[in-house]
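1. I need the structure of the sequence given here:
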Amino acid sequence: MHSYPHQPKIHRIYGGPSISLFIPRVLPHSSMHKPVFITFFNFWSQYAFNHLVLFVSLLIVCSSLPSLFCLPFMAPIFSLFLSFVMLSWSIAQGQGPPSPGYSPSTSVRTVKFDQVFRNLWGPQHQRADQDSITIWLDKTSGSGFKSIQPYQSGYFGAAMKLQPGYTAGVITSFYLSNNEDHPGNHDEIDIEFLGTTPDELYTLQTNVYIKGSGDGNIIGREMKFHLWFDPTQDFHNYAALWTPSEIIFFVDDVPIRRYTRKSEATFPTRPMWVYGSIWDASTWATDNGRYKANYNYQPFVGRYTNFKISGCIAGGPASCRPPSVSPSDTGSLSQQQLAAMNWVQRNYLVYDYCQDPKRDHGQIPEC
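-> Presented below is the predicted three-dimensional model:
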């Protein structure tokens, strides 16, 4: 649940509500030598809006002038406006990832919250029913829940909906950990949403810790993503599939990251519990701690439902196997799934620890 101190700076320009284009650009003050991304949110829609304003302005002016005088100006401007509207619409229709061709979550049954989880802390800051749970953070406390049993492997997913507006410094998470069993020497598989300011995008941080690499001498394995949708508008499914050979992170059944087992030293193998939490991480969560949690905007709320848990319980039968990641049941992603994952990483990946020149690559040999 920690973060590596050298995080990329993401610069964004906003123009509207529906389209996101990412244009790589090296910034001299960036902490990264690789390209970071300027996000032009609804870049073409802004052009369409500007031309609409110009068209209406000329229409008002021309209402008091002879029509023949205005026609040479009005026609091309209106034509440009229409073309930008059509281009904006066509880009918006194709901004999601290509179909992965298979949905692992369909092979995992939905479980009721109280079948699998119990409150861990902040009971006065959570409201649960059989199917879902809402947790919140205010200046007095956050909240968290924990699975009843630890798991050795499996598929662990939940549908989550995040709070809009100012959420800087706030972490909303769904993850696996054994930090209570191995304090100072624990493992983790993280799905964390880093809080943001109203003019910025949410960042989904995926992370893996192995045997204490998140304690003291931090050795995080972060990959960070923006999303092709607004995670505050509706519930979306987030999951991690942990097998003896790899960890795969999913968003709405689209694989976004695969972390393979290259050695025992770089892969978590000890049993872990499943957690969800909301808490104040102002020291690092948003722009390296530049923006803190502001409790004038409290409460900060995280909503979870549609829990999909299918795992091999620690100490259970040796014959237990986690769900298949692909339709072929070969234990590896299909070519169509790989194509979808590569598309996400080309378009929405904003940080990769393996590409960070400030990292000590002797500590992350899997890179």
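2. CA only for contacts and neighbour counts going forward, please
-> Fine.
3. quick one: the helices in this structure?
-> 43-62, 67-93, 113-116, 335-348 (DSSP state H).
4. Tell me if I'm right that Gly144 and Gly302 touch.
-> No - using CA atoms under 8 Å, Gly144 is not in contact with Gly302, being 10.5 Å away.
5. Tell me which residues touch Trp343, please.
-> 97-98 (CA atoms under 8 Å, 6 or more residues apart in numbering).
6. I'd like the distance between it and Trp228.
-> 11 Å (CA to CA, to the nearest Å).
7. residues shared between the contacts of the two?
-> Here Trp343 and Trp228 have Pro97 as joint contacts, going by CA under 8 Å, 6+ apart.
8. quick one: buried residues of stretch 277-286?
-> 277-282, 284-286 (16 or more other CA atoms under 10 Å).
9. now the residue nearest to Gly142 when sequence neighbours are not counted, which residues is it bridged with?
-> Excluding the flanking residues, the one nearest Gly142 by CA to CA, 6 or more residues apart in numbering is Trp279, at 5.1 Å. Trp279 has these beta-bridge partners by DSSP bridges: Ile171.
10. can you point me to the longest strand in this protein?
-> When the chain is parsed with DSSP state E, its longest strand is strand 300-313.
11. Do me a favour and average the pLDDT over it.
-> Taken as a whole, strand 300-313 carries a mean pLDDT of 96.
12. residue contacts, the nearest residue to Gly144 once chain neighbours are set aside?
-> Nearest non-adjacent residue to Gly144, counting by CA to CA, 6+ apart: Ser277, 4.0 Å away. Contact partners of Ser277, counting by CA under 8 Å, 6+ apart, are 135, 142-145, 171-174.
13. quick one on the thing from earlier: which stretch in the helices of the chain is the model least sure about?
-> helix 67-93 (a mean of 53).
14. Name the residues that touch stretch 115-125?
-> Residues contacting stretch 115-125 (CA under 8 Å, 6+ apart): 135-137, 141-149.
15. Quote the end-to-end distance of it.
-> Stretch 115-125 end-to-end distance (CA to CA) = 20 Å.
16. Give the buried residues for that stretch.
-> 117-119, 122-123, 125.
17. And for stretch 189-206?
-> Here stretch 189-206 shows 189-197, 200-206 as buried, counting by 16+ other CA under 10 Å.
18. nearest to Pro322, of these?
-> Pro322 lies nearest to Ile189 out of the buried residues of stretch 189-206, by CA to CA, at 15.8 Å.
19. Identify the residue with the minimum pLDDT among the buried residues of stretch 189-206.
-> Glu200 (92).
20. Report the separation between it and Ser99.
-> From Glu200 to Ser99 the distance is 27 Å (CA to CA).
21. Could I get the contacting residues of Met341?
-> 254-257.
22. Asp230: neighbouring residues, count only.
-> Using other CA atoms under 10 Å, Asp230 has 17 neighbouring residues.
23. What distance do you get for the nearest residue to Phe193 once chain neighbours are set aside to Gly154?
-> Spatial nearest neighbour of Phe193, chain neighbours left out: Leu204 (4.7 Å); criterion: CA to CA, 6+ apart. Per CA to CA, Leu204 is found 21 Å from Gly154.
24. So what sits opposite Leu204 in the bridge?
-> The partner residues for Leu204, given DSSP bridges, come to Phe193, Phe225.
25. Any regions of this structure where pLDDT drops low?
-> 1-59, 61-94, 213-218, 329-331 (pLDDT under 70).
26. any idea how far the residue sitting nearest the centre point of the chain is from Gly316?
-> For the chain, the residue nearest the mean C-alpha position is Leu204 (2.3 Å; CA atoms, centre = their mean). Going from Leu204 to Gly316 by CA to CA gives 32 Å.
27. Also Ser282?
-> Taking CA to CA, one finds Ser282 at 39 Å from Gly316.
28. re the thing from before, so the residue nearest to Phe193 touches Asp190, yeah?
-> No - contact criterion CA under 8 Å: Leu204 and Asp190 do not qualify, at 9.9 Å.
29. what sits opposite the residue nearest to Tyr259 when sequence neighbours are not counted in the beta ladder?
-> Distances taken as CA to CA, 6+ apart place Ile247 nearest to Tyr259, at 5.0 Å, with adjacent residues excluded. On the basis of DSSP bridges, Ile247 is bridged to Trp242, Tyr259.
30. these two touch, right, Ile247 and Lys262?
-> No - the pair Ile247 / Lys262 is not scored as a contact, 11.7 Å apart, by CA under 8 Å.
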